[in-house]
Structures are given as C-alpha cells and as structure tokens.
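[1] coords please:
(one chain, ligands or ions: 2)
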Amino acid sequence: MQQADPYNQYFAKKVMVSYAKSMDKTKSSFKCSNCTYTTIKWIGCCPECKEWDSLVENIITATSNATKMYTHTHAAQLRSLDSIDTQELPRVLSGIGEWDRVVGGGLVPGSLIVITGDPGIGKSTLLLQVAYEIAKTKRVFYFSTEESLQQLKGRATRLKTTDNNLLFSDAAELTSIITAAREQKPDLLVIDSIQNCYINNANTLPGSVGQLREAAFQLMRLSKEYNITVIITGHITKEGIIAGPKTLEHMVDAVFYLQGEDRWQTRMLRAVKNRFGAINELGFFCMEQNGLQEVPNINAHLISEISHAPGSAIVSIMEGSRPILLELQALTNASKLTMPQRVVSGLDHKQVVLIAAILEKYVKIKLSMQDIFFKVSGGFKIKGSESDLGTAFALLSSYFQEPLPEKSIALGEISLTGQIKPINNIGHLIKEAEKFGITTLLVAKNQTIEKTSCTVKRFHNVYELLSLFGQ
Ligand code: TYD
Ligand code: MG
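    Residues are numbered from 1 along each chain as shown. Ligands and ions are numbered 1, 2, ... in the order given. Below is the predicted model of the structure:
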C-alpha cells in the first residue's frame, strides 16, 4: 500500500481551505412560515396563502463541504432501543373528570399542549380551574399575558381558586418566562395566551407568525428538557384555524378545541390532536356563575330537549369513546324558487343533498321541488355516514308531516343504490340509547344485534321506510 506523504496532505488541505473560502458567499431568500412559499425578495403578504408578515429571511451561506470537513461538531449519538429507559412519569390528574379524560387520562409530564377556541368561550376559566386543582399537589406557574393580575385575582376569587401554591405573573416576554421555569422547575406552566407573548432580540417581529413558531419551538424544548408540562392558549381565526400558522398544530403534542353551544351554555372540549391519547374524545362543561362545571351525562341534557314531532329523528354517533344521542331536525317546504334552497348545519351539506337524491330516485318523492332546512341539535357536527338513516327518516317525516314512532332511534347507513347498510359498534349505541328510554330501534335488515329489550324494526331499502308513514 502506498504511504501517505505528510507534505502532500498538508498542501492538499491548504488548497481545500482556500477554495472553501472563495466559495463562502451568502445568499438570502424569504420563506413563508405558513405555507413554505419562497421568494428572493421580502414582501408583506404571502401571495400563496395570503398570510401577512409571514415571510422569514433564510440566509444561505454557500459554504462548500470542504470547510465543513474541518469544523468540529459533536457527532450525533446512536442507541439501540434496548438501552432506552421507558419508565414513564405518572400522568398528572386534576380531578376534573371531563378534562382528565379528554387529555388522555391526565397530563403527561414534558408535553406541550395548545388549548384554542373563540374569544370568551372559557379557555382562561378552564385553565385557571385546572391549574388550581393541580396546584394542590404540584408546582404550577400561571403566566397571564392578556389579563392583568388584578383581573385575574377577580376571576380567581369568583371561582374560589385562590391557593398559595398557584403562582401568577403577568410577564409576557418569553425568555424571562423560560428562564423562570428553568430555574424553578414547576411541574406545570400555563401561558395564557401565546399570541400575546413576545421575544426580545429575535429576528422576527412581535406578533408575527415567525415569532409564534419560534415561541412554540422554545417552549417545546423547555418542556422536553425539563419535563415540564406546558399549556398554552391560542386564538382561532374566523375560519376556525389557530390564528397565524396551522403549523403550530404540527409542532405541539396535543391540540384541544373548546367549542360552545349557546343554547344550554354547554362547552365541548374536543381533542383534535393528541400524541398521548385518543382523538375526537369529547368533554362537556356548563358555564355557570362559579365557572365551568362538568356535565358527565350530556345525553340526559340532549334527550330532555327532543320533541316527538314531524321532521325529528334521533340518531346516535360515537364521539371518541362515548356514544352521543342527537336529534336531527328537517323541514321540507314546497319551493317557490327555481333553485330550491338547501340550508344545512351540523352535517355535511352534500350528505343531506345525497340522501334527498336517493329518496327522490327510489321512493319517488319530489324533494327536488322542496326547500330543505336541516340541522343537528345541540350544535354538534356529524361527520361520516352513520346518521344516513336518521337523515332519511327526518326528511320523510317532515315531507309527510308524520312523526316517527315515539322513542325510536335510527341506526344505519344508506348506499347509493338505496340499500340500508348495517353500522359497526352498534352494541355500545344501543346500550346508551336504552339507558335513556329508547324503545324502538330502526336498523338495516342484516344488522346483527346481540341483545336488546327494544322493539327492532328492520329495513332492506329506502322504499321500505315508507311503511312507517302510512303510505
Ligand atoms: P374566558 O375564560 O375569559 O374566555 P377566553 O379565555 O376563552 O376568552 O371566559 C369569559 C366568559 O365566561 C365571559 O363571558 C364570562 C363567562 N364566565 C361565567 O359565565 N362564569 C364564570 O364563573 C366565569 C369566570 C366566566
Ligand atoms: Mg382568555
């Protein structure tokens, strides 16, 4: 083997370094932090996603690989899975059952969580209550970046959540918040809200999308390095996304939406992303004089409102691990318009139009000449097609102005060919329905039902649905 010549090696190194220096030019580009659109000039509004002030400068140093060869960085360490300690810290329970269940059975130490929702929906109220309960056994810091400490005290007195273990601050500069957390290592850090935080000496503008991402990134590192659970609140825009970047959702461990329904002052806490629990899990609360109170039995609430009238059909859908009873309400009226109206809320508009088209085709009723108004009770939103049979019954019941059998529930899907299809997990739904006094099940012909005390009416296709309306 040829011996390496030390002089030649030295010379080659010198040449490479001088070459690398000549290559060391800087270029910059601007990248949208909301949608990744890139341009070479800064512009105020991203032409792609129309977000304002979201372009962040990206400096590309054209340093050749040759220079990188001589920079000393620590090599990344690699480990086998066997050598990794998986002993998990226990989850932190607040004792507020609906909260604990939605977050996946208590908060996971070292996780970063976002709570979002419309202004005034109750995010601060809920977090203050949760923080107070957790502070009974853990150290909790609450940074209120929106409300003054006087306002906060007023609220805490109203909620009777004043506890000396729960510490508050109105600091809004993120570095000082993080420094306090690093030094004093609380178990839970609440920041209400992240949009009102700012970072001194950052390259990004306060309140900009870039700064929001930077803040989330720093908090993520804090939570992971110090095993601190961090909960931040964020506003949502009119379109229903977390103000600024949707990307915030990708960066954090869990996102929960607090949504409201004004009818009963109920609030729904919905998990839309959860690395440590089931998504689509729902928690229910009621806004009262002394804060948000749990509603563990939401179906009792829902069923008490249901009327036995033409146009009404009861369905049941799984929300997370819990079956929910809902009333579908339809109103069909002969239309005076050339294009009859279809006004739908709580359900995909196309789903109602589709069921109406199937009924028109196979049952021969002229729904295309009717205005259709359709809604789901309680402000719920139904996805999927589990409520197809209920939708068909509600439409037919309004059309014929005849109510469905009293205390009946419709559980089935409908195919494009007009066949009634069975649904999965029906056992759960039936059990819950029976608990609330349902006595008749309206299901598909081939639906398997293990055990029930209800009368079961089976339907093969949509034409057979007419048998309930004396047609
Ligand atoms: P808040 O928690 O400030 O909402 P967010 O942080 O999401 O903006 O909730 C404010 C609303 O809640 C306000 O309209 C008053 C009402 N509220 C009650 O009805 N009862 C209470 O005990 C509290 C504290 C607030
Ligand atoms: Mg608030």
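[2] give me the number of residues near the closest residue to ligand 1 within the stretch 351-471 of the chain?
    Proximity of the stretch 351-471 of the chain to ligand 1 (C-beta to the nearest ligand atom) peaks at Gly379, 16.4 Å away. Heads up, the C-betas are built off the backbone N, CA and C, glycines and all. Neighbours of Gly379 under the rule other C-beta atoms under 10 Å: 16.
[3] So it is in contact with Leu326, correct?
    No: with contacts defined as C-beta atoms under 8 Å, Gly379 does not count as touching Leu326, sitting 10.3 Å away.
[4] For stretch 404-424, buried residues please.
    404, 407-414, 418-420, 423 (16 or more other C-beta atoms under 10 Å).
[5] swap that for stretch 99-117, sorry
    99-104, 106-117.
[6] Same check on stretch 250-266?
    Here stretch 250-266 shows Val252, Asp253, Ala254, Val255, Phe256, Tyr257, Leu258, Gln259, Gly260, Trp264, Thr266 as buried, counting by 16+ other C-beta under 10 Å.
[7] Could you tell me how far that stretch lies from the centre of the chain?
    How far stretch 250-266 lies from its chain's middle: 7 Å, per C-alpha atoms, centre = their mean, to the nearest Å.
[8] likewise stretch 450-467?
    When distances are taken as C-alpha atoms, centre = their mean, stretch 450-467 is centred 35 Å away from the chain's centroid.
[9] hang on, the earlier thing: of the buried residues of stretch 250-266, which belong to strands?
    Ala254, Val255, Phe256, Tyr257, Leu258, Gln259, Gly260, Thr266 (DSSP state E).
[10] Between these, which sits nearest ligand 1?
    Leu258 (6.7 Å).
[11] got the contact list for that closest one?
    Ile115, Thr116, Gly117, Ile121, Gly122, Lys123, Leu126, Arg267, Met268, Leu269, Arg270 (C-beta atoms under 8 Å, 6 or more residues apart in numbering).
[12] Parallel or antiparallel, which strands does the longest strand along the chain pair with?
    The single longest strand within the chain, with elements called by DSSP E, is strand 322-334. Strand pairing for strand 322-334, using DSSP bridges, gives strand 312-319 (antiparallel), strand 370-376 (antiparallel).
[13] if we can go back for a sec, against ligand 1, which of the ones in strands among the buried residues of stretch 250-266 make the cut? List them.
    Among those, not one lies near ligand 1 by C-beta under 6 Å from any ligand atom.
[14] returning to what we had before: let me know the average pLDDT across the longest strand of the chain.
    Averaged across strand 322-334, pLDDT comes to 91.
[15] Buried residues, it. List them.
    For strand 322-334, by 16+ other C-beta under 10 Å, it's Arg322, Pro323, Ile324, Leu325, Leu326, Glu327, Leu328, Gln329, Ala330, Leu331, Thr332.
[16] for ligand 1, what are the nearby residues on the protein?
    117, 119-125, 155, 158-159, 287, 289-291.
[17] Recalculate using a threshold of 8 Å.
    117-128, 146-147, 155, 158-159, 192-193, 233, 258, 265, 287-292 (C-beta under 8 Å from any ligand atom).
[18] So among those, which ones count as buried?
    Among the residues of the chain next to ligand 1, the ones that count as buried (16+ other C-beta under 10 Å) are 117-118, 121-128, 146-147, 155, 159, 192-193, 233, 258, 287, 291-292.
[19] Filter the residues you listed down to just the ones in helices.
    Of those, the ones assigned to helices by DSSP state H are Lys123, Ser124, Thr125, Leu126, Leu127, Leu128, Arg155, Leu159.
[20] just the buried residues of stretch 404-424 now: which is nearest Arg91?
    Nearest to Arg91 out of the buried residues of stretch 404-424 is Ile423 (C-beta to C-beta; 33.0 Å).
[21] quick one: contacts for that closest one?
    Residues counted as contacts of Ile423 (C-beta under 8 Å, 6+ apart) are Glu386, Leu411, Gly412, Glu413, Leu429, Ala444, Gln447.
[22] Quick one: mark the members of those residues that sit in strands.
    Judged by DSSP E, strands contain the following of those: Leu411, Glu413, Ala444.
[23] Let me have those in JSON lines, extended by pLDDT and distance to Ser176.
    Compiled in JSON lines, these are given as follows (pLDDT from 0 to 100; distance: C-beta to C-beta, whole Å):
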{"residue": "Leu411", "pLDDT": "95", "distance to Ser176": "56"}
{"residue": "Glu413", "pLDDT": "96", "distance to Ser176": "55"}
{"residue": "Ala444", "pLDDT": "96", "distance to Ser176": "61"}
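[24] quick one: which of those is nearest to Ala215?
    Using C-beta to C-beta, the ones in strands among the contacts of Ile423 come closest to Ala215 at Glu413, 44.6 Å.
[25] partner residues bridging the closest one?
    Taking DSSP bridges, one finds Lys421 as the beta-bridge partners of Glu413.
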